[in-house]
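Chemist: Okay, predicted coordinates and the sequence, questions at the end:
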Amino acid sequence: MTELRKTVESFWATAEARDWDAFADTLAEDVVYTLPQTRERISGRERYVEFNREYPGDWHLRIERIVAEPEQVVTWTHFTVGLEEMYAVSFFTGDEQGRISAVTDFWPEPYEPPAGRDHLVERY
């Protein structure tokens with residue numbers, strides 16, 4: 001198991017526990033958080049921790065899958081906020097100290113498939 005993978009697992013566990021001090025410990029001081037779909041970027045540990053601390057709703061998460069290399073980790077995460085469910089795909093980059101230096105999040109929206117391929121697919 002890579003060091004960064006352990007850090008990312010701790011990142012998600014401390015986020016779920018709302019342990020913002022321990023969450024901050026997983027991050028490099030100059031961490032950059034990017035949301036390509038909304039074209040938002042947050043720079044710096046303090047601002048990123050506050051972004052998560054202030055996120056609305058009683059959300060909860062579970063990791064569906066982790067793919068790890070020594071300097072990069074990708075997670076597929078399931079979130080719930082009340083009855084709403086959503087998934088995120090997050091790309092993490094680490095620094096030399098094994099902390100998270102960059103996070104890029106994608107929040108895909110479910111949609112109905114195009115017509116005409118019913119004979120090829122199984123819906124779940």
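Modeler: Sure thing, it's come through. Numbers count the residues shown, from 1 in each chain.
Chemist: alpha carbons only for contacts and neighbour counts from here, please
Modeler: Fine.
Chemist: what about the residue nearest to the spatial centre of the chain, which helix or strand?
Modeler: In the chain, the centroid-proximal residue (C-alpha atoms, centre = their mean) is residue 90; its distance is 4.2 Å. Per DSSP states H and E: residue 90 is located in strand 84-94.
Chemist: Please apply the same query to residue 50.
Modeler: Residue 50 is located in helix 45-53, with elements delineated by DSSP H and E.
Chemist: what does that helix rub up against?
Modeler: If you take C-alpha atoms under 8 Å, 6 or more residues apart in numbering as the criterion, helix 45-53 is touched by 15, 18, 20, 23-24, 27-31, 33, 42.
Chemist: Pull the distance from that helix to the chain's centre.
Modeler: 14 Å (C-alpha atoms, centre = their mean, to the nearest Å).
Chemist: elements contacting the lengthiest helix in the chain?
Modeler: If you go by DSSP state H, the chain has its longest helix at helix 3-17. Applying 3 or more C-alpha pairs under 8 Å, 6 or more residues apart in numbering; DSSP states H and E, one finds that helix 3-17 makes contact with helix 20-25, strand 59-68, strand 72-81, strand 100-106.
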